[in-house]
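> please find the sequence and the predicted model below.
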Amino acid sequence: MTMPISENPAALAPHKILTRRQQLALVAIGHYRHIRKAGAAWEVGPHRFSQALVDALVRRHLAREASRSLSLTLAGQLAEKRLKDHRP
């Protein structure tokens, strides 16, 4: 079931809701094209993220997991933009 973006706190204030590691994963998924499943973890560019971390992003409706790849949802794209704009 989908959640409206206007009611998703992780999309509206990701710097307050997400952990630093989740923020890094979200920005990396949006930035890198090389994304693949590597055993129990995901390789996103030069980064490795656990399945639990990716599951947390999926539960918050920020990412979508395909059979062998990850992509950002519309809410995830909004959160990524807010994270990039918030950085000094």
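Right, received. Where do you want to start?
> and the worst-scoring helix or strand of the chain on mean pLDDT, which residues are buried?
In the chain, no helix or strand scores lower on mean pLDDT, DSSP states H and E than helix 9-12, which sits at a mean of 89. In terms of neighbour count (16 or more other C-beta atoms under 10 Å), helix 9-12 has its buried residues at A10, A11. Any C-beta I mention is one placed from the backbone N, CA and C, and that applies to glycine too.
> neighbouring contacts of it?
5-6, 16-18, 60-62, 75-76, 78-79, 82 (C-beta atoms under 8 Å, 6 or more residues apart in numbering).
> what's the neighbour count on the residue nearest to Q23 when sequence neighbours are not counted?
Excluding the flanking residues, the one nearest Q23 by C-beta to C-beta, 6 or more residues apart in numbering is L83, at 5.5 Å. By the criterion of other C-beta atoms under 10 Å, L83 has 18 neighbours.
> helices or strands next to the host helix or strand of L83 in the packing?
Taking DSSP states H and E as the criterion, L83 maps to helix 74-86. Applying 3 or more C-beta pairs under 8 Å, 6 or more residues apart in numbering; DSSP states H and E, one finds that helix 74-86 makes contact with helix 9-12, helix 14-17, helix 20-31.
> after the last one, next one along is what?
Once helix 20-31 ends, the next helix or strand along the chain (criterion: DSSP H and E) is strand 35-38.
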